[in-house]
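**Q** Next input, structure requested:
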Amino acid sequence: MLSDILKKVQHLFRAGFEKVYIVSFEDCPMIPELEATPLLKCGKWYVSTGKEWICHSDLELPAFEWEFLQSLDVEIRETIHFEVSYLPFQ
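**A** Below is the predicted model:
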């Protein structure tokens, strides 16, 4: 029930918000450099430094995760976490 209400509220506000993916490197031993990798093609990056990056992409989350993780070393892939959020249009 609560999740249904949350989905309805999100649907109402989507018109004024942009869906973004948050990539967390909190548990990652090293943080990749965006400029030096094919990660740029995943979408429009709002934040690409530090332990939490924010990206808007036309890809759905599973496709975005797959595309993102393919360009990274195997040993750090399991330490990266993804979540969905929304940013207001300006």
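
**Q** residue contacts, the closest residue to residue 26 other than its chain neighbours?
**A** Leaving out its chain neighbours, the residue that sits closest to residue 26 by C-beta to C-beta, 6 or more residues apart in numbering is residue 51, at 5.4 Å. Backbone N, C-alpha and C define where each C-beta goes, glycine included. Residue 51 is in contact with 24-26, 28, 31, counting by C-beta atoms under 8 Å, 6 or more residues apart in numbering.

**Q** quick one: which of the residues you listed is nearest to residue 57?
**A** residue 24 (15.9 Å; C-beta to C-beta).

**Q** If you drop the residues flanking it in sequence, what lies closest to that closest one?
**A** The shortest distance from residue 24 to any non-neighbouring residue, by C-beta to C-beta, 6+ apart, is to residue 81 (4.3 Å).

**Q** ok, so what distance separates the one you found from residue 51?
**A** Distance, residue 81 to residue 51, using C-beta to C-beta, to the nearest Å: 11 Å.

**Q** Pull up the overlap in contacts between the two.
**A** When contacts are counted by C-beta under 8 Å, 6+ apart, residue 81 and residue 51 have 24, 26 as shared neighbours.
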